[in-house]
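S.K.: need a 3D model of the sequence below.
(2 chains)
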Amino acid sequence: MTSFKIPPSALIFLSGLAIFTIIVSVLSEGMGGGVISTSFIKTIGKTLCLCLAAIAMDLVWGYCGILSLGHFAFFGLGGYMIGMWLMYARTETIVATSMAQAEIPPTPQEVIEGVGTQIFGVVGSSEFPMIWAVADSLFLQLILVVALPGALAFLFGWLAFRSRVTGVYLSILTQAFTLALSLYLFQNESGLRGNNGLSGLQNLPYVSAGQDQVALWFLWGSAAALGGGYLLISFIVGGKFGSVIRAIRDNEARVRFLGYQVEHYKLAIFTVTACIAGIAGALYYPQAGIVNPAEMAPIASIYLAVWVAIGGRGRIYGAVIGAAFVSLLSTWFTGGQAPDLSLGFGVIKWVDWWQVLLGVSFVLVTLFAPKGIGGLFDLNFMKRR
Amino acid sequence: MRVLAAALFACWVICSEATLRAQSLSEIVSTHSQAIAKSSRKTIQPAIDALVASKLPNVEFMLVQWRAKALWLNKSTNAIIAVQDKRMIDLDTQSDLGPFEKAGFKQIKPNSGVRNLISGALVAFQLNAPDIAMRKAALASIRRNEDPAYLPLLEQSLELETDPALVAEKQQLVHLLTLKYGQSVEVRLTAIAAIGGSLDVEVRGALNPLLATRRTYATALPDDANIAKVLVPGQNGFSTQKAYQLLVAGGEAAAQPSLEQIKQALIDNIDGGRIGGVPIAQLDDPAARMKAYGALAQAGLVPAQISQSAIDATVSNFSFFDQYLEPDPQITAAAQAALKAISYRVSLSNMIDILLDAISLASIYFLAAIGLAITFGVMGVINMAHGEFIMMGAYTGYVLQQIVPDETLSILLAVPTAFAVTFCAGVVMERLVIRWLYNRPLETLLATFGISIALQQMAKNIFGTQARPLTSPDWLGGAWMINDVVSISFIRIAIFVLALIFLALFLFIMKRTRLGLETRAVTQNSQMAALMGINPDRVNMLTFGLGSGIAGIAGVAIGLYAKVTSEMGNDYIVQSFMTVVVGGVGNIWGSLAGAAMVGFLQKGIEWFNPSNTLAAQTYMILFIIIFIQFRPRGIIALKGRAAGD
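M.R.: Purely as a prediction, here's the structure:
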């Protein structure tokens, strides 16, 4: 096996990311710089997590050709898994402190019942459903962050790829899968509080630091995860494995005839990207503070594909650019900070018209710039040669 | 002397005759005038009884006037008269007494409780009234206040009844009252047998109380009681704990303190940092708590805990059973048999109801999905904006309804208008966007998705976020009720008919027109079709337009029974995709099969878990994912060389 050489684009990206993170941290409120507010730090952190999800999507679509319109489901599941531990531990601390004020100290059973009532009172029950069985252990929940999306992806992928479902059919099935999951989570009986979701995730248990510090920690964590993911994916697509993957994207039948077990490769990529998306979700939702089934609606996964397409698929940095660019732009427009455009016969309020712009630009990008923003880099580099 | 005694005796006889002679109506009324003037439901019964018992001819008239608040009390003489058309009417003779002056009179206004009692008393008169509405009202008031006294009255009036519908109603009421209040067992059994198979809720409502039970215990099973079920502690969900609680409630045993009570007792007995000799800090352990409680019980401060063996011993001394409140076992057996037969028929009817619902759902999915199946079959294009075409059709219908006020006309106009609008939109979309993306199905999916979000937002900006109503014409309102359980609304029947029309129309176009021939050719092999002189571009454009147009019409139909919002497309897009994927493309029968399967599956799953549509959709999707394993190309798949994806 040839030794792994880090490709130059990865080096540039990683160093850029590091410098960016350092500058932002120094300027933030938490470290005393005071220029960047804590909420904006959180936005940057969340964007980095979305970029991580986007490079996973790029790997499964841009490099392997599987247009999975359900990857955001894995993102959300990762968030739910870590949210379970966060909610449980924090509620347990609160309940134990309040119960310790009582005349006699509570038994462990009473503490558990108290936590159950607190968490599930909103859906009218007080017992812990089975899936919360290991919610008190951080280690096991962290394993679940990776294992649950991975297991679901493995099962779904095995069923789908085994019967040679490809192309548009597969995309539709992934949409259906994510719809089924979000519908299931909307019910109160699913054991995850229905459409209330898990809330209060920004408050870390056992930690007394303020939100500024916590936001910075998550920023560093997200940046580290993004860097690590970038390296991992560069590694995957760099060697022979990567060549086979790209060959599957270009002509699956030919690869099969060459003797490769195409289904195994696809399944591996599908599962690995699901795990990466799960990790991204686990870092995202504590910064967002709340995770609920509406986040995992089918349309969220389609947005993931939109980011990768606009940024440029087939390139890892393209996905990062697309995700960062479009999601920040989207927040800017829908947050009302964009100035209204007056057109003589009417005023365009961007809050109302941003989606139209997004849709139209998406069509234009698909029609005229299939390589996305990353294609611009090509022009740049080709000129140099 | 004897003459005097005889005369006195004669006088006495005559006088007592006079008292035995019935009082006149006004006399009865004045006796009870205070009660009548300030009537309340609890105190008025004697007055009403006296009136009814007198059997005077004008009682009915008086009761009717009383109920209609037409009685006035003369405050000086305490006499009561009726007032009609501003003339005073005497109660005894119904003769006109002169014009009515309000001065010195107070109106008697019975409240609704009293009016109900009056109605109850009037029933006897009204059961045979000449006016059908009055007879119906009498029956309704009997249903409200059931009373065994009505039974003979009802039976009498049944024989005199002429209207067949009322005969059936009265017959049923007679049976219902008999089975509850009948004098003998045979009579009641006959009544139960007579109403046996009726699906009416009233019948079930009358039979169920006959089977009410009371859970009780005795030292030994009584022989003469009508026992429904003998309960053995520890079996079938009747735990020893529950048995013991029954005994506690009956005072036969001491109560077992609950964990909450134990905790409270411990708190109440805190003694200098210890409870029962155990330091408080150690009381987070359940075993320590039991030990402390035991110490307290020994000291006599709290009721002792009762050991499990003591509980078992006490329970074993008694027999437990469910006893019917109805003493006769024949009646309970007959009622049970009748209810069983009825519930069998009810579940059969439920199944038919769900079947009808499933057919209706399938026809909706079919309408929504034909367009998608056509475009995918012919062009290999999945149109993510299909849901938005449905929405466009619905909004077109809405706009038209604002312009054309007549409902029937507006719906009739809306159908072709929606078709035209969405046809044009589809053609425009095809020419501008999709034409450049042939053979790149994934890109088409994404580009159409971009159009979809743009269209959704524009609709939201133009029409707002509230749901807009599409009113259906009156003749489409209401439902067809087959029996008490099975019913289907007319709009759903109309949608089903519309789907059938479209199926026929589509088959006609495909099999008998030039366009259909060209479309089929392009579906099978577009290059060969081009070589034969067919213009695939034109065929694609027209087919896309046709598919979008049908989506528009589906939008009008869906808008009639569901709400029209800018996001209604999202509700149907995934289901339409499922229909296309399951049914297979390129073939209308495939779409039909797919829609039928998806619709029936969803309703079938709902039957197991009623009113939970979310769960039904989830399981349906999972089932479809597994179904695709066995038939990856759908139920009816294209065969042949061109079918390679």
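
S.K.: need the single longest helix in chain B, by residues.
M.R.: Using DSSP state H, we find that the single longest helix of chain B is helix B:329-379.

S.K.: how far out from the middle of the chain is that helix?
M.R.: Helix B:329-379 sits 16 Å away from the centroid of its parent chain (Cα atoms, centre = their mean, to the nearest Å).

S.K.: count the residues that sit near B:His386.
M.R.: 28 (other Cβ atoms under 10 Å in any protein chain shown). (C-beta placed from N, C-alpha, C; glycine too.)

S.K.: list the buried residues in the very next helix or strand once past the longest helix of chain B.
M.R.: Downstream of helix B:329-379, the next assigned helix or strand under DSSP states H and E is helix B:386-403. Buried residues in helix B:386-403, defined by neighbour count with 16 or more other Cβ atoms under 10 Å in any protein chain shown: B:386-401.

S.K.: any part of helix B:386-403 near chain A?
M.R.: No: with Cβ under 8 Å from any Cβ of the partner chain as the criterion, chain A is not reached by helix B:386-403; the gap is at least 10.3 Å.

S.K.: could you point out the helix or strand that follows that helix?
M.R.: Per DSSP H and E, helix B:386-403 leads on to helix B:407-432 as the next helix or strand towards the C-terminus.

S.K.: list the buried ones in that next one?
M.R.: Buried residues in helix B:407-432, counted by 16+ other Cβ under 10 Å: B:407, B:410-411, B:413-415, B:417-419, B:421-423, B:425-427, B:429-430.

S.K.: can you check stretch B:150-158 too?
M.R.: B:150-151, B:153-154, B:157-158.

S.K.: from the residues you listed, which is closest to chain A?
M.R.: Of all those, B:Tyr150 has the smallest distance to chain A: 44.9 Å, by Cβ to the nearest Cβ.

S.K.: gap between the residue lying closest to B:Asp353 once chain neighbours are set aside and B:Ser347?
M.R.: Distance criterion Cβ to Cβ, 6 or more residues apart in numbering or on different chains; nearest residue to B:Asp353, sequence neighbours excluded, is B:Val486 at 4.5 Å. According to Cβ to Cβ, to the nearest Å, B:Val486 stands 12 Å off from B:Ser347.

S.K.: cool, and B:Glu252?
M.R.: Going from B:Glu252 to B:Ser347 by Cβ to Cβ gives 42 Å.

S.K.: those two: which is more packed in?
M.R.: Each of B:Glu252 and B:Ser347 has its neighbours counted (other Cβ under 10 Å); B:Glu252 has more, 14 against 11.

S.K.: right, and chain B sits closest to which residue of the stretch 1-150 of chain A?
M.R.: A:Pro105 (4.0 Å).

S.K.: so what's that residue up against?
M.R.: The contact partners of A:Pro105, by Cβ atoms under 8 Å, 6 or more residues apart in numbering or on different chains, come to A:99, B:280-281, B:283-284.

S.K.: from these, which land in helices?
M.R.: Residues of these located in helices (DSSP H): A:Met99.

S.K.: which among the contacts of A:Pro105 count as buried?
M.R.: For the contacts of A:Pro105, a burial check counting by 16+ other Cβ under 10 Å picks out A:99, B:280, B:283-284.

S.K.: will you turn these into CSV that also has pLDDT?
M.R.: As requested, the buried ones among the contacts of A:Pro105 are exported to CSV (pLDDT from 0 to 100):
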residue, pLDDT
A:Met99, 82
B:Ile280, 76
B:Leu283, 75
B:Asp284, 76
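
S.K.: just flag the most distant two among these.
M.R.: Pairwise distances across the buried ones among the contacts of A:Pro105 (Cβ to Cβ) peak at 13.6 Å, for the pair A:Met99 and B:Ile280.

S.K.: that older thread, go through the buried residues of helix B:386-403 and name the one with the lowest pLDDT.
M.R.: Across the set of the buried residues of helix B:386-403, B:Gln401 stands lowest in pLDDT, at 86.

S.K.: wait, that residue sits on B:Thr471?
M.R.: Yes: between B:Gln401 and B:Thr471 there is a contact under Cβ atoms under 8 Å: 6.6 Å.

S.K.: shared neighbours of those two, which are they?
M.R.: Common neighbours of B:Gln401 and B:Thr471 (criterion: Cβ under 8 Å, 6+ apart): B:Glu407.

S.K.: if we can go back for a sec, just the angle for the longest helix of chain B relative to helix B:386-403, thanks.
M.R.: Counting by axes from the mean of the first three to the mean of the last three Cα atoms, to 10 degrees, helix B:329-379 lies at 100 degrees to helix B:386-403.

S.K.: which residue ranges form the helices in the stretch 401-550 of chain B?
M.R.: Assigned helices in the stretch 401-550 of chain B, in chain order: B:407-432, B:441-463, B:490-512, B:514-524, B:526-531, B:536-561 (criterion: DSSP state H, counting those that start in this stretch).

S.K.: could you say what helices and strands the second one packs with?
M.R.: Contact here means 3 or more Cβ pairs under 8 Å, 6 or more residues apart in numbering or on different chains; DSSP states H and E; on that basis helix B:441-463 packs against helix A:167-186, helix A:298-311, helix A:350-368, helix B:386-403.

S.K.: spell out for me which residue occupies the centre of chain B.
M.R.: Chain B has B:Val485 as the residue nearest its centroid, 9.4 Å off, counting by Cα atoms, centre = their mean.
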